[in-house]
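Novice: Provided below are the primary sequence and the corresponding predicted coordinates.
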Amino acid sequence: MIYIERLRNNKPLNERSTYPYNIPSIAKLNELEFQKPVTFVIGENGSGKSTLVEAIAINAGFNPEGGSRNFNFKTQDSHSDLYHDIKLIRSAYRNKDGYFLRAESFYNVATAIDEYIVHDAYGGSLHKRSHGEGFLALLHNRLYGNGLYILDEPESALSIISQFNMLTRISQLVEKRSQFIIATHSPILLAYPNADIYQVSPDGLKLVNYEETEQYRLSKYFLNNYKKMLTELGL
């Protein structure tokens with residue numbers, strides 16, 4: 001299921017000078033298509049992937065620090081104004097559920113859940129679990145399908161086995177008519193079948209195949225040649 005079909009940047013080219021347009025990938029962002037139920041956005045630290053995914057989430061009506069559209073708390077503004085400039089082109093279908101998982105501010109979301117006393121929807125207080133267990137509890141208890149789910153680096157708290165678990169949960173939710181937009185560094189999550197992968201670079205965003213990503217190539221090279229690579233790193 002596709003709920004957001006396209007992103008369009010309405011900021012005139014001659015006005016793209018201040019932050020976040022000092023990030024080359026954002027400065028060159030005009031349109032972006034979402035053609036698959038799962039879309040990944042990848043890139044180096046500082047390349048603009050989280051800035052982009054965050055802007056999509058805010059424009060879609062989510063709290064900048066994460067949560068569902070009903071969350072309305074604020075601790076510290078750290079998001080850009082990109083969400084003002086973009087327009088999301090929606091399909092004829094409307095999602096019944098939605099969530100923005102932002103790893104950086106997940107603690108704040110967990111605190112808000114305690115304050116709102118909505119523990120049952122998450123399988124209990126997330127503060128009483130490890131960081132990774134909290135992520136998985138959210139995925140398995142709070143996300144129920146027919147949803148638009150925007151995730152920013154969800155692998156940050158997850159072990160390899162937990163990332164396998166997440167792949168399975170994504171598949172279950174896709175079967176329940178859900179759409180995912182995910183910023184990630186994880187070569188495991190990127191292996192999700194038939195997903196679109198957008199590589200963020202100074203030249204803009206382009207679709208790439210899984211085997212073309214640095215996440216795949218460098219992980220494979222390291223695992224197959226870890227002694228050689230450690231020597232090259234001077235270790």
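Specialist: Thanks, I have the structure now.

Novice: please count neighbours and contacts with C-alpha atoms only from this point.
Specialist: Noted.

Novice: all strands for this structure, in order.
Specialist: Taking DSSP state E as the test, the strands found in the chain are 4-9, 31-33, 38-42, 86-90, 97-102, 147-152, 179-183, 196-201, 204-208.

Novice: got the confidence number for His119?
Specialist: His119 carries a pLDDT value of 51.

Novice: mean pLDDT per helix and strand in the chain: which one sits at the bottom?
Specialist: Least confident helix or strand, the chain: helix 106-116 with a mean of 59, by mean pLDDT, DSSP states H and E.

Novice: do me a favour and average the pLDDT over the helix ranked longest in the chain.
Specialist: Secondary structure of the chain per DSSP state H: the longest helix is helix 160-175. Averaging pLDDT along helix 160-175 yields 96.

Novice: tilt between that helix and strand 38-42?
Specialist: Counting by axes from the mean of the first three to the mean of the last three CA atoms, to 10 degrees, helix 160-175 lies at 140 degrees to strand 38-42.

Novice: do you know the pLDDT at the closest residue to Val174 other than its chain neighbours?
Specialist: Spatial nearest neighbour of Val174, chain neighbours left out: Pro37 (6.7 Å); criterion: CA to CA, 6 or more residues apart in numbering. We have a pLDDT of 98 for Pro37.

Novice: coming back round to it: looking at the strands of the chain, which has the lowest confidence?
Specialist: With a mean of 90, strand 97-102 has the lowest mean pLDDT of the strands of the chain.

Novice: from the contact counts, what lies against it?
Specialist: Secondary-structure packing of strand 97-102 (3 or more CA pairs under 8 Å, 6 or more residues apart in numbering; DSSP states H and E): strand 147-152.

Novice: which helices and strands sit right next to the strand it packs on?
Specialist: helix 49-59, strand 97-102, strand 179-183.

Novice: out of the ones you listed, which gets nearest to Pro20?
Specialist: For Pro20, the closest of the helices and strands packed on strand 147-152 is helix 49-59, at 7.9 Å, according to CA to CA.

Novice: what is the closest residue to Glu31 other than its chain neighbours paired to in the beta sheet?
Specialist: Closest residue to Glu31 apart from its sequence neighbours, by CA to CA, 6+ apart: Arg8 at 4.5 Å. Under DSSP bridges, the beta-bridge partners of Arg8 are Glu31, Lys87.
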